[in-house]
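Student: Curious how this folds, go ahead:
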Amino acid sequence: MKAEKMKILGIIASPRKDGNTAWTVNKILEGAKEQGAETRSWYFSGHDIEPCRGCLCCHDGKDSGCIIDDDMQELYDAIDKADAIVLGSPVYMGQMSAQAKIITDRLFAQISPRFSPHYKEKVSKKKLLLVFTQGNPDPGMFREYFDYTRKMFQMLEFDTRDVVVVAGMRDKPAHERKDLDRVMKDTGSLLVRE
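Tutor: Predicted structure coming up:
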């Protein structure tokens with residue numbers, strides 16, 4: 001019997017469809033594909049996704065999910081089918097983009113970790129790789145925020161594997177940096193093999 005391919009979803013939480021974050025996430029997915037994974041890119045740009053309303057309808061005990069009828073429903077489905085997620089975001093104002101924050105907040109409708117008063121048996125446990133691209137050349141500049149974000153996703157019971165920071169985008173875009181191509185592909189390859 002043939003083993004099922006690992007399914008990896010790359011979420012590009014950037015306002016730019018062809019920017020540094022998209023290039024970086026897609027290179028990681030290329031590396032995963034080289035190891036036999038089935039990959040898919042999902043771009044925030046071009047989708048209509050509203051912020052969470054905080055209405056709590058998703059936790060009314062009826063398991064009805066989010067009541068906002070927008071393109072996040074498509075992303076929920078893609079996340080549900082994935083074995084691993086690569087969440088990429090540019091760094092704006094020292095933290096994830098507004099697009100990444102909207103996605104993160106909207107995960108509330110699907111996730112109820114053990115500390116939650118709305119705890120459900122279904123928890124994520126999906127592999128997660130966080131990828132941040134930033135203009136600042138110092139990859140440690142926002143380390144406290146990246147560590148916080150990693151811990152937050154671990155509390156949400158994702159199997160958070162790593163935080164990849166690609167710095168110095170001000171000087172040269174990702175696609176022009178010869179050093180990045182193999183490094184990003186190796187990162188994707190490792191996600192499949194671990």
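Student: The spatially most central residue of the chain bridge partners, please.
Tutor: For the chain, the residue whose C-alpha lies nearest the mean C-alpha position (C-alpha atoms, centre = their mean) is Leu87; its distance is 1.6 Å. Beta-bridge pairing of Leu87 under DSSP bridges involves Ile11, Leu130.
Student: Look at it and report its pLDDT.
Tutor: Note for Leu87: predicted pLDDT of 98.
Student: what's near enough to touch it?
Tutor: By C-beta atoms under 8 Å, 6 or more residues apart in numbering, the residues touching Leu87 are 11, 13, 100, 103, 128-131. Heads up, the C-betas are built off the backbone N, CA and C, glycines and all.
Student: Repeat that for Ile85.
Tutor: Shown in contact with Ile85 (C-beta under 8 Å, 6+ apart): 8-11, 79, 126-129, 158.
Student: Name the SS class of it, please.
Tutor: Three-state assignment for Ile85 (DSSP: H, G, I helix; E, B strand; the rest coil): strand.
Student: same question, Lys185
Tutor: Taken by three-state DSSP, the conformation at Lys185 corresponds to helix.
Student: Name the nearest residue to it, ignoring sequence neighbours.
Tutor: Sequence neighbours aside, Gly31 is the residue nearest to Lys185 in space, at 3.3 Å (criterion: C-beta to C-beta, 6 or more residues apart in numbering).
Student: what do you get for Cys55?
Tutor: Once its chain neighbours are removed from consideration, Cys55 has its nearest residue in Ile67; the separation is 6.9 Å (C-beta to C-beta, 6+ apart).
Student: Now the two most distant members of the contacts of Ile85.
Tutor: Spatial extent of these (C-beta to C-beta) is set by the pair Gly10 and Phe158 at 15.1 Å.
Student: about what we covered before: please name the residues that touch the residue nearest to Cys55.
Tutor: Under the criterion of C-beta under 8 Å, 6+ apart, the contact list for Ile67 reads 55, 57-58.
Student: For ChimeraX, write the select line for the buried members of those.
Tutor: Typed into ChimeraX, the line below selects the buried ones among those, using 16 or more other C-beta atoms under 10 Å:
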select :58
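Student: Among the contacts of Ile67, which lie within helices?
Tutor: Under the assignment DSSP state H, the contacts of Ile67 contribute nothing to helices.
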